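Enquirer: Fold the following.
(chains A, B and C)
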Amino acid sequence: MVKKVSEVLILVGIVSILGLLGAEGAEVGVTDSTIKVGGVMLITGPIARYGTAAADGIAIYCKYINEMGGINGRKIDLIMEDDGYDPVRALAAAKKLIDRDRVFAFITTSGTPQTHQIVPLLGKENIPSLSGIIPQMPVADPPRTAFTFGMRYGHQMILATDYIMKDLKAKSPKMAILYQDDEYGKEVKWGALLACKHYGLQMVAEETYKRGAVDFSSQVLNLKRANPDYVYLATVIRETPIVLKEATKLGWAPVFIGNSSYCDESTIELSSRDAPEVLKKMIQVHYLSRFFEENPEMSQLKAGFKKIRPDIDTNKLLHYHILGWVNGLIFCEGVKRAGKDLTREGLIKGWESMSNFNTGGLAGIISFGPNKHFADTSGRIFKADLDKNIWVPITDWRKPSFE
Amino acid sequence: MINGNFKTNYEDEIKIFQTTFVKFWLVILFVGLIIFPLVADRYFIYLCNLCGIAIIGALGLNILTGYTGQISLGHAGFLAIGGYTSAILSTKLGIPFWLAMPLSGIMAAMAGMIVAIPSLRLKGLYIAITTFAFGFIVDHLIIHWESMTNGPSGITAPRPSLGVFVFDSDKSYYFIIIVMVILATGFARNLFRSRVGRALIAIRDRDIAAEIIGINLTKYKIQAFSISSFYAGIAGSLMAHYFDVITFENFTLMLSIQYLAMIIVGGVGSILGSIYGAIFITLLPELIRLLTDLFRQEYPSLTTRFADLKSVTFGLIIIIFLIFGPKGLYGVWRDIKVYWKNWPFTY
Amino acid sequence: MNESIQTFLQLMLSGMSIGGVYAMVALGFVLIYKATGVFNFAQGELMMVGAYFSFYLITQYHLHFFQAFLLALIISAFLGIVVEFLILKPMVGEPIFSVVMITVGLAVMLKGTVSLVWGHDVHQFPSPFISSPLSLGGVTIFRSSFWTIVATFALVVIFILFFRVSKVGIAMRAVANDQRAAQIIGISIRKIFSISWAIAAVVATIGGFFFVNIFFVTPDISYIGMKAFPAAVLGGMDSVPGAIIGGLIIGIIENLAGGYLDKLLGGGIKEISSFVVLILILMIKPYGLFGKEEITRV
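Expert: Here you go, the predicted structure:
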């Protein structure tokens, strides 16, 4: 017992000394030549494919800017922490970045549950943060330091309904929804219900599934029995093709409405063999431009990627790569506007002054404002091109007709 | 040098503080714990708080699994019930934390009693499967009982306050946790000096024999379940008020497995073991992160494998401890102590 | 055909399709439990690993379908033996808690290793079955699901024969019945334990092979293992036909619950129904439908 206790004491001693060393006073994260920026990223875990792409996008942009001379003479020192899609790890990572690395600001946040866990903390600490990986309001009552851009999943559903009603001129179509029973599914459902209410449409079936579930046969059968013309899908990478296959199995081909979370070429790869008919009819909404499109910022992006990470094939970029790049773009614009005398308050003011900021074609127009910390951009409708295995835009950039 | 602590009567054997030395070092430890938050930085305090919450939960699980021999794969479910009860009571009814926390413990204990019912008929494996299913059912209720739990969005529970003072910082919350850890450890230690605790151990070792010597199995098994889940409820409540928001994602099957790993690593059926194990498993990701940081330059691909590396290490640690150190860190420590005590005359 | 009858039949058939996979995983549980008395929590992970083996043999080494399938079976049999030797062998005679937990540790480790080596990406399995579904009088089924059900029943017949006729099978039954007596008459218990792990891994791989034809290759498919618990318990933990029937019934219950109850009770009932059934079975008839009434009561 004696030795046990003494061992604990020694540990406590070491811990305390380390603590003292770590707590030296300094200007938070900004020197004359560098700015320390922290990022809690989703580098590992079940949807690491997207998380690493976003992290790469941000890191490459920061390096690119540093090579061009930095912002106002300062280079960006980006420190990334992984959360492995675990909210508790995300909180730990955020605290580490704040207390150990003493970062000036946060550039991106992670998946929905993780964002939920850390955004209140950033608000309490008064640390400005910009996130774009989850296009949805991070928390019900976001703190004034939190900035987000993108298009909420709910608004994407409204945009899709606008397209159906105005462009396709559907005559009172019947709608249905299949959603994952978490925060993401809830957000999509919110938008879908709002859109149906606005247009006076009937939601004939609402089906749900648990995250991780593999079998969707009864859900798809229930949807089919209600016989809707359009089905909102709040599913993710693996579930979407399974649902399309199930529908094909039942000989049923409604129009499925997808959203940006899985508007990815892998959806086409995984379902083009077994469910081509349903896939051809499917429509997707997204708020970023795609890698094969030509615009000024896209060529810069590709140049940057080729220069810094030649191992990434620019003909296979995910939209999350582009999202990361746009994230970096907006972040740096805010820092630039905050001026030579960089403070946290200045960065918040800098972002707030960004109205009608043009991303050079990568995304729609970004507009923040003093009371507007969520820049709702515009989006487009996409359809699958089965020959080239890509999603191609079929409309121009537009905003939902109401909110 | 102490040669040994030889007991001459039964009172000595069940003393809480076995020697004056122990008392002395405990006082030092206590002072150290008080001073610690004043000198450590906030990240350390945060990790320390996580350890504290884990210690309470692990003690609870050790009472049920380590001492009574009932395997629980649904510990996260009890933590969830505790956390959500506390959060709901304090947000919807405005009940202060000081009342909500014990109530959440009681709520979890009642759930524990319900789960105990099948365990009266079954043993061993089957109780593991029942608790496993229980974890899933709690998960389902949290997600789908939206009016109560706010569904997948989770609940934000307020930080506790005393008069005008709000326990808002990690440092102040540390003191609440440390008080609860001391209470929990003290109670657990006392429990196994009492009739109840000894009865639980008897049930684990041989339930039929225990029944023959007059231990009421029904009563004591239910008691073990309710005490264990009471602990889990308290830990859940501390978690709910500490994290700014709790959702069902905080209480996965993985959490139950983590708690089991804690008692395996620390020492099954040992109070100190629960503490060691809780600290070890809580700090394990931190350790792996430090290691991957070291190799980040040479093998950049390692960092992108952090979560997978974590689960591999985690599984390996469970397996290695079960095969090579079934008594856990506590047993290892005791063996080392014995070795040095007799050195150089070890054989 | 009446529409509601058609719906019912479709739900039954879909339930049997997924139930067939549950059955194969549950069969693995039962085989190990029957012979060694260990409840293997890593059975779902063994299935996932087996699926990855067949997938990589086909895509990476460009083997033919059946070659890859057979090779995957051999590799997983070997994996089963290695796991038994390295992990289960040292645990003989340890308390039940340790033995259960070691399989939990194994599950976590296997899943972590597969994600570490092959990543989390979702892959399409180069299926040998024609993708157009099979129509059976108004109700439809994936061709691979149809063959899953056929294979499930084939496995029951094979294993019943195996336990009745073959020497190893009879030895396994003897060991399950009374280890000491079996040893006395010259059966090597060690060998039997290895063989039962090998067979369980092979059965899991067959299940995985059929499963990924529809549901893609990703580490997350080990989730199926959790659904196989209720199947094994329902059928009776030590009954081979019980595991198969239990699996099919659980699949059907899930789909009927999803089809009819989900709407009434506000969603999510499908996923939870099997666990509710599990708890009910344990409370009412803990030895399942076909299990031996050998549970010690206290």
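
Enquirer: When you work out contacts or count neighbours from here on, use the C-alpha atoms and nothing else.
Expert: Noted.

Enquirer: what number of residues lie near C:Ile221?
Expert: 23 (other Cα atoms under 10 Å in any protein chain shown).

Enquirer: any low-confidence regions in the stretch 101-250 of chain B?
Expert: B:123-124 (pLDDT under 70).

Enquirer: mind giving me the domain ranges of chain B?
Expert: Following automatic domain parsing, chain B resolves into domains at B:1-39, B:40-342.

Enquirer: could those domains go into a markdown table alongside distance to A:Gln180 and mean neighbour count?
Expert: Output for the domains of chain B, formatted as a markdown table (distance: least, Cα to Cα, whole Å; neighbours: other Cα atoms under 10 Å in any protein chain shown):
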| stretch | distance to A:Gln180 | mean neighbour count |
| --- | --- | --- |
| domain B:1-39 | 42 | 13 |
| domain B:40-342 | 10 | 21 |
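
Enquirer: quick one, which of those domains is nearest to chain A?
Expert: Closest to chain A of the domains of chain B, according to Cα to the nearest Cα: domain B:40-342, at 4.0 Å.

Enquirer: before we move on, back to that, Throw the domains of chain B into CSV and include distance to chain A, thanks.
Expert: Formatted as CSV, the domains of chain B follow (distance: least, Cα to the nearest Cα, whole Å):
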stretch, distance to chain A
domain B:1-39, 6
domain B:40-342, 4
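
Enquirer: For chain C, which of those is the nearest?
Expert: domain B:40-342 (4.3 Å).

Enquirer: which stretches of chain B form strands?
Expert: Taking DSSP state E as the criterion, chain B carries its strands at B:161-162, B:165-166.

Enquirer: Return the alpha-carbon coordinates of stretch C:28-48 using CSV.
Expert: C-alpha atoms of stretch C:28-48 as CSV (Å, rounded to 0.1, in the frame of the first residue of the first chain):
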residue,chain,number,x,y,z
GLY,C,28,-20.5,-20.7,-35.9
PHE,C,29,-21.4,-19.7,-32.3
VAL,C,30,-23.1,-23.0,-31.7
LEU,C,31,-20.3,-25.1,-33.1
ILE,C,32,-17.8,-23.5,-30.8
TYR,C,33,-20.1,-23.4,-27.8
LYS,C,34,-21.1,-27.0,-28.3
ALA,C,35,-17.6,-28.3,-28.5
THR,C,36,-15.6,-26.0,-26.2
GLY,C,37,-18.2,-24.3,-24.0
VAL,C,38,-16.9,-20.9,-25.1
PHE,C,39,-19.2,-18.2,-26.3
ASN,C,40,-17.4,-16.5,-29.1
PHE,C,41,-18.2,-12.8,-29.3
ALA,C,42,-15.9,-12.5,-32.3
GLN,C,43,-18.0,-14.6,-34.7
GLY,C,44,-19.2,-11.5,-36.6
GLU,C,45,-15.6,-10.3,-37.0
LEU,C,46,-14.5,-13.8,-38.3
MET,C,47,-17.3,-13.4,-40.9
MET,C,48,-16.0,-10.0,-41.9
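
Enquirer: So that stretch, near chain A or not?
Expert: No: counting by Cα under 8 Å from any Cα of the partner chain, chain A is not contacted by stretch C:28-48; separation bottoms out at 13.2 Å.

Enquirer: Please name the spatially closest residue to C:Asp262 (chain neighbours excluded).
Expert: C:Ile269 (5.4 Å; Cα to Cα, 6 or more residues apart in numbering or on different chains).

Enquirer: Could you report the neighbour count for that neighbour?
Expert: 26.

Enquirer: Tell me the confidence at it?
Expert: If you check C:Ile269, the pLDDT there is 87.

Enquirer: What residues sit buried inside the host helix or strand of C:Asp262?
Expert: Assessed by DSSP states H and E, C:Asp262 sits inside helix C:262-265. Across helix C:262-265, burial judged by 16 or more other Cα atoms under 10 Å in any protein chain shown covers C:262-263.

Enquirer: Buried residues of the next helix or strand after it, list them for me.
Expert: Sequence-wise, the next helix or strand downstream of helix C:262-265 (DSSP H and E) is helix C:269-284. For helix C:269-284, the neighbour count (16+ other Cα under 10 Å) marks C:269-279, C:281-283 as buried.

Enquirer: And stretch A:252-270, by the same measure?
Expert: A:252-268, A:270.

Enquirer: List the contacts of the helix or strand of chain C with the lowest mean pLDDT.
Expert: Least confident element among the helices and strands of chain C, by mean pLDDT, DSSP states H and E: helix C:262-265 (a mean of 80). Helix C:262-265 is contacted from outside by A:207, C:268-270, using Cα atoms under 8 Å, 6 or more residues apart in numbering or on different chains.
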